[in-house]
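Asks: Quick one, fold the following:
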Amino acid sequence: MVNKARNQKLNLNTACAMAFVFAIFASNIGAQTVDRTRQLDLLVRLDHAKSMIQEENYTEAQRIVHGVLSQLQDERKAIYAAFFPKQEKTASMGLDEASHHSHGLDLLSDDSLDILFSAQYTSDYDGQQYTIDINMVRNDPEIDEIAMVIQKPMLIDALDTVAIVTIQDTYTGVEEYYSEEKYHEINMVLGEKVLLNIVANGIVDRQHLLKFCDQIKLDNLVRELK
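Replies: Residues are numbered from 1 along each chain as shown. Below you'll find the predicted structure:
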């Protein structure tokens, strides 16, 4: 009975993972950005996983599915990275693109928070060291709070360190700046469900972060998120 229950749970979890993978392929990201060769390879591996499920070899099916998910996350990382400044464009600001990565959903978790993309840029500009960190998160609980502040700016009238800021003459964000800590943060809501969080540590002049934001391909990013 115990083994049967364990197998049934594993079967359900693997099936859920398979459904998630197929949903990705049905999305615009799967259809438009994965080249044909890699797409075919992924589909073949999914067919193999399906065969393993039919044979009740759930361990092997899980291994295959998680490998496919890992590859899809790499594809997604490359997609989103293209919308953010490259090193040659940030060189004038003294910024180096240190790292970028993405995370996927934990398929066995009920947590719907999804970190789509993260990146870090580092600087040693005119002897001034600082970092800029990017996090793009779907279904972040902070989205509702940011949206409310943007809709009702009077909520922050009494706060000296928080302000509404316009990026690229189109996008509205909530800006926080603490001069003593040299901490600067901008939050924007993209497509209603995605929070773009940009944090600079060590900066003195807020124009560095605003200039960085101007180099993000926000229009294209928003279209990709639809």
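Asks: what element comes up after the helix or strand of the chain with the lowest mean pLDDT heading to the C-terminus?
Replies: Every helix and strand of the chain was ranked by mean pLDDT, DSSP states H and E. The lowest is helix 28-33, at a mean of 45. Under the assignment DSSP states H and E, the closest C-terminal helix or strand after helix 28-33 is helix 36-54.
Asks: how near is the most centrally placed residue in the chain to Leu196?
Replies: In the chain, the centroid-proximal residue (Cα atoms, centre = their mean) is Leu116; its distance is 2.1 Å. Counting by Cβ to Cβ, to the nearest Å, the gap from Leu116 to Leu196 is 10 Å. For the C-beta atoms, the positions are set from N, CA and C on the backbone; glycine is no exception.
Asks: next one: Met52
Replies: Met52 is 39 Å from Leu196, by Cβ to Cβ.
Asks: Lys50 now?
Replies: As judged by Cβ to Cβ, Lys50 and Leu196 stand 36 Å apart.
Asks: again with Arg138
Replies: Applying Cβ to Cβ to Arg138 and Leu196 gives a distance of 11 Å.
Asks: Name the residue in the two with the higher neighbour count.
Replies: Counted by other Cβ atoms under 10 Å, Arg138 and Leu196 do not tie: Leu196 has more neighbours, with 27 against 17.
Asks: nearest residue to that one other than its sequence neighbours?
Replies: Nearest residue to Leu196 in three dimensions, chain neighbours excluded: Met188, at 4.6 Å (Cβ to Cβ, 6 or more residues apart in numbering).
Asks: for that neighbour, phi and psi?
Replies: When read as degrees, to the nearest 10, the backbone of Met188 gives phi -130, psi 150.
Asks: Look up the pLDDT of the residue nearest to the centre of the chain for me, please.
Replies: Note on Leu116: pLDDT of 86.
Asks: what's it sitting at in phi/psi?
Replies: Leu116 adopts backbone torsions of phi -70, psi -40, taken as degrees, to the nearest 10.
Asks: How about Arg206?
Replies: Backbone torsions for Arg206, taken as degrees, to the nearest 10, come to phi -60, psi -20.
Asks: That one reaches Tyr177, doesn't it?
Replies: Yes: counting by Cβ atoms under 8 Å, Arg206 sits close enough to Tyr177 to count as a contact (5.8 Å).
Asks: Same drill for these two, tell me which one is more crowded.
Replies: More crowded of Arg206 and Tyr177, by other Cβ under 10 Å: Tyr177, with 19 against 15.
Asks: Looking at strand pairing, list the partners for that one.
Replies: Here Tyr177 sits in beta bridges with His184, going by DSSP bridges.
Asks: so what's it up against?
Replies: 161, 163, 183-185, 206 (Cβ atoms under 8 Å, 6 or more residues apart in numbering).
Asks: Nice, that's everything, thank you.
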